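Student: what shape does this take:
(one chain, ligands or ions: 2)
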Amino acid sequence: MKMTFSLIAICLFLLPGLAQSQITIIPTPVKMEVASGSFTITPQTYIYASDATRHEADMLNAYLGQIYGFTLPVQTNPSSGNGINLSLREGEKNPEAYHLTINKSKVDIYASDNRGVFMGIQTLLQLIPPQKVGMAAVFQIMVPAVTIYDYPQFGYRGMHLDVCRHFFSVAFVKKYIDYIAMQKFNTFHWHLTEDQGWRIEIKKYPKLTEIGAWRNGTTIGRYPGTGNDGIHYGGYYTQEEIRDVVRYASDRHITIIPEIELPGHASAAIAAYPELSCFPDESTKAPARTTMAGPTTGKQVQQTWGVFPDVFCPKETTFKFLEDVLDEVLELFPSKFIHIGGDECPKDNWKRCAHCQQLIKEKGLKDEHGLQSYFIHTIEKYLNGKGRNIIGWDEILEGGLAPNATVMSWRGEEGGIEAASQNHTVIMTPGQYMYFDHTQTKQEDSVTIGGYTSLNKVYTYQPVPQKLDSSKRKYVLGAQANVWTEYMGYPSKVEYMIFPRMSALSEVLWTPENRKSWDRFKSSLPDIYKRYNLWGANYFKHSEEVMKAEGK
Ligand code: ACM
Ligand code: ZN
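Tutor: Ligands and ions are numbered 1, 2, ... in the order given. Next comes the predicted model:
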């Protein structure tokens, strides 16, 4: 048999002596000097790592393989040479800070912690021209000579994904984690339970996924919609899959914060275990002007969007259920924070439930808001006892904040300001800036939940509210964009909604105010789009026109 070998020489030349303005790194680094000349990566370029940075060398190769199609040989002894050196050096307090120096003979990335080395790798990846290379036997890739010192402005840099309104595969969740990592975010908030689907396997309560992960149809179009598609829809992650995703994220220095919603948004859990409701025998009703597919009696997983009155009843048995669920969640997720929801819990059922009313009296609570607070405090105490802290949406302020809770401010910034004033840590996710389910154009170009959040609006967001007393500003840990998926049925729609707004947010969270520039960011968009193309990501392509029309 005749074998043919083809040698493909790929030369990707960057002109030496690039100006800063010609280099696009998103988020823009704190300090960057561009020198003349470049380093050339060839198939023979070694990555030099110590045992301690070997993992980051593997990560660099994972991304080189994934993005560019080639990998480089790794040497751990000696741990530096004329190649790409990854090392740890003491002296830097911020574990995500890094130094990156590129000259003609080598690339040096060092930090005090592997997290910093990983951040430096992300910058290096963006200095490689945005073209596929492949496993060619010969290639030369020129990366420009630079000296960078870089660190983030905020310690919490998050992206959220709702996998309940629509379900997303493990493969896409991993891709999403890569998007998070490649733009120097560090937290993935995984919204796992909802009215429309329970997505995490809980061994002790198998019906949560046998029943709760599936709905008999979905509203067509924007709520209340034009009907119901009648398609059996759902899915869930097995515990093995979750462990795999947690490991994948951890390899990339991304913390996953799971969200288990309580006491509201509980329809799917109640469909599986009706006894969790105040009224187990009452059938689930479709909201006015919507239709439900399949059986219309008994408890049903919701098929449309909104807020539903059938919520967890604060019975002993409900708390036991939730503690059992959380025990399994804690086994899977090592994060310090566990998100317990707390938002949008209608009090209708509690008002007419004899048990709830009795509990209010017995505990000396003021009303049903006091009961909500009691619910959250009880769960917080349980989780604190296991060494974890809770995050809740800003409704957890109602009736008094639980002692160690962190507040996620979504109904504007007021909840965050209030919580910080009470010396509680805060993550800012105000709807008007941080909800990436809003449209990107005034004239909506696809079905969305509504609201208009332009690229400029995201870019100009400042997570620390001006109104907040300066002594309380330290309580703002950072910010996060929320991606609710009522109107995002497939991955390319999610990508369309997050890009390029997510890149704008990366600068909000990482780049210091004096290095941020809307004009510079806007003129970088063509380069940013080239990276999205390289990643195989869909994105909204008309921000420049939309912003121009608004004089931005
Ligand atoms: C939320 O958007 N309901 C937190
Ligand atoms: Zn009740």
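Student: list the buried ones in stretch 304-312?
Tutor: Buried residues in stretch 304-312, counted by 16 or more other Cβ atoms under 10 Å: 304-305, 308-312. C-betas here are computed from N, CA, C, even on glycine.
Student: and which of these is nearest to residue 96?
Tutor: residue 305 (36.9 Å; Cβ to Cβ).
Student: show me which residues of the stretch 251-400 of the chain sit near ligand 2.
Tutor: Residues of the stretch 251-400 of the chain found near ligand 2 (Cβ under 5 Å from the ion) are 278, 313, 353, 355-356.
Student: save the buried residues of stretch 304-312 as TSV, and put in pLDDT and secondary structure too.
Tutor: Converted to TSV, the buried residues of stretch 304-312 look like this (pLDDT from 0 to 100; DSSP: H, G, I helix; E, B strand; the rest coil):
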residue	pLDDT	secondary structure
304	98	coil
305	98	coil
308	98	coil
309	97	coil
310	98	coil
311	98	coil
312	98	strand
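Student: so residue 117, which of the three states?
Tutor: Under DSSP: H, G, I helix; E, B strand; the rest coil, residue 117 falls in the helix class.
Student: so can I have JSON lines of the residues of the stretch 251-400 of the chain next to ligand 2 showing distance to ligand 1, secondary structure and neighbour count?
Tutor: Listed next are these as JSON lines, based on distance: Cβ to the nearest ligand atom, whole Å; DSSP: H, G, I helix; E, B strand; the rest coil; neighbours: other Cβ atoms under 10 Å:
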{"residue": "278", "distance to ligand 1": "21", "secondary structure": "coil", "neighbour count": "23"}
{"residue": "313", "distance to ligand 1": "21", "secondary structure": "coil", "neighbour count": "23"}
{"residue": "353", "distance to ligand 1": "23", "secondary structure": "coil", "neighbour count": "20"}
{"residue": "355", "distance to ligand 1": "26", "secondary structure": "helix", "neighbour count": "14"}
{"residue": "356", "distance to ligand 1": "22", "secondary structure": "helix", "neighbour count": "19"}
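Student: out of the residues you listed, who's nearest residue 66?
Tutor: Using Cβ to Cβ, residue 313 comes nearest to residue 66 of these, at 47.2 Å.
Student: the closest one and residue 276 touch, don't they?
Tutor: Yes - here residue 313 reaches residue 276: they are 6.6 Å apart, a contact under Cβ atoms under 8 Å.
Student: residue 42 - how many residues pack around it?
Tutor: Counted by other Cβ atoms under 10 Å, the residues lying close to residue 42 total 10.
Student: tell me how far it lies from residue 518.
Tutor: Relative to residue 518, residue 42 is positioned 39 Å away (Cβ to Cβ, to the nearest Å).
Student: list the contacts for residue 153?
Tutor: For residue 153, the contacting residues are 509-512, by Cβ atoms under 8 Å, 6 or more residues apart in numbering.
Student: spell out which parts of the stretch 101-250 of the chain neighbour ligand 2.
Tutor: By Cβ under 5 Å from the ion, no part of the stretch 101-250 of the chain sits against ligand 2.
Student: of all of the stretch 101-250 of the chain, which residue lies closest to ligand 2?
Tutor: Closest residue of the stretch 101-250 of the chain to ligand 2, Cβ to the ion: residue 195 (17.6 Å).
Student: surely that residue meets residue 299?
Tutor: No - look at residue 195 against residue 299 with Cβ under 8 Å: they stay out of range, at 11.3 Å.
Student: what's the overlap in contacts for those two?
Tutor: Common contacts of residue 195 and residue 299, defined by Cβ under 8 Å, 6+ apart, comprise residue 267.
Student: what segments of the stretch 401-550 of the chain are helices?
Tutor: 414-421, 431-434, 455-459, 491-498, 501-510, 518-523, 525-535, 543-549 (DSSP state H, counting those that start in this stretch).
Student: most tightly packed of those helices?
Tutor: Comparing these by mean neighbour count (mean count of other Cβ atoms under 10 Å), helix 501-510 ranks first with a mean of 25.
Student: and that helix with helix 491-498, angle?
Tutor: Taking axes from the mean of the first three to the mean of the last three Cα atoms, to 10 degrees, one finds helix 501-510 and helix 491-498 inclined to each other by 50 degrees.
Student: hmm, who's touching helix 501-510?
Tutor: Taking Cβ under 8 Å, 6+ apart as the rule, helix 501-510 contacts 26-28, 152-154, 157, 159, 179, 183-185, 434, 436, 440, 453, 455, 458-459, 461-463, 478-479, 481, 516, 521, 528, 540.
Student: ok, back up a step: of all the helices of the stretch 401-550 of the chain, which lies closest to residue 253?
Tutor: Using Cβ to Cβ, the nearest of these to residue 253 is helix 501-510, at 14.1 Å.
Student: how far off centre is that closest one?
Tutor: With Cα atoms, centre = their mean, to the nearest Å as the basis, helix 501-510 stands 12 Å off its chain's centre.
Student: averaged pLDDT, it. What do you get?
Tutor: The average pLDDT within helix 501-510 is 98.
Student: pull the CA atoms of that helix into CSV?
Tutor: What follows is helix 501-510 as a C-alpha-only set of coordinates in CSV (Å, rounded to 0.1, in the frame of the first residue of the first chain):
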residue,chain,number,x,y,z
ARG,A,501,-22.4,41.2,25.6
MET,A,502,-20.4,38.6,27.6
SER,A,503,-17.2,40.1,26.2
ALA,A,504,-18.3,43.6,27.3
LEU,A,505,-19.0,42.2,30.8
SER,A,506,-15.6,40.6,31.0
GLU,A,507,-14.1,44.1,30.8
VAL,A,508,-16.6,45.4,33.4
LEU,A,509,-15.3,42.7,35.8
TRP,A,510,-11.6,42.5,35.0
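Student: pLDDT below threshold where in the protein?
Tutor: For the chain, applying pLDDT under 70 flags the ranges 1-19, 21.
Student: can you map out the strands along the stretch 201-350 of the chain?
Tutor: Using DSSP state E, counting those that start in this stretch, the strands of the stretch 201-350 of the chain run over 214-215, 233-234, 255-262, 337-341.
Student: want to throw those into TSV with distance to residue 105 and mean neighbour count?
Tutor: Below are the strands of the stretch 201-350 of the chain laid out as TSV (distance: least, Cβ to Cβ, whole Å; neighbours: other Cβ atoms under 10 Å):
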stretch	distance to residue 105	mean neighbour count
strand 214-215	59	22
strand 233-234	56	20
strand 255-262	37	23
strand 337-341	44	24
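Student: any chance of those in JSON lines, with distance to residue 122 too?
Tutor: Shown next, in JSON lines, are the strands of the stretch 201-350 of the chain (distance: least, Cβ to Cβ, whole Å):
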{"stretch": "strand 214-215", "distance to residue 122": "38"}
{"stretch": "strand 233-234", "distance to residue 122": "35"}
{"stretch": "strand 255-262", "distance to residue 122": "16"}
{"stretch": "strand 337-341", "distance to residue 122": "23"}
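Student: which one, of those strands, ends up nearest to ligand 1?
Tutor: strand 337-341 (7.9 Å; Cβ to the nearest ligand atom).
Student: same for that closest one, what does it pack against?
Tutor: strand 255-262, helix 316-332, helix 368-385, strand 389-393 (3 or more Cβ pairs under 8 Å, 6 or more residues apart in numbering; DSSP states H and E).
Student: repeat the analysis, applying 7 Å as the threshold.
Tutor: In this structure, strand 337-341 makes packing contacts with strand 255-262, helix 368-385, strand 389-393, judged by 3 or more Cβ pairs under 7 Å, 6 or more residues apart in numbering; DSSP states H and E.
Student: so the residue positioned nearest the centre of the chain, which state does it fall into?
Tutor: Residue closest to the average C-alpha location in the chain (Cα atoms, centre = their mean): residue 159, at 2.2 Å. Following three-state DSSP, we place residue 159 in the strand state.
Student: is it true that it touches residue 180?
Tutor: Yes - judged on Cβ atoms under 7 Å, residue 159 makes contact with residue 180 at a distance of 5.1 Å.
Student: just the buried subset of the contacts of helix 501-510, please.
Tutor: 26-28, 152-154, 157, 159, 179, 183-185, 434, 436, 440, 453, 455, 458-459, 461, 463, 478-479, 481, 516, 521, 528, 540.
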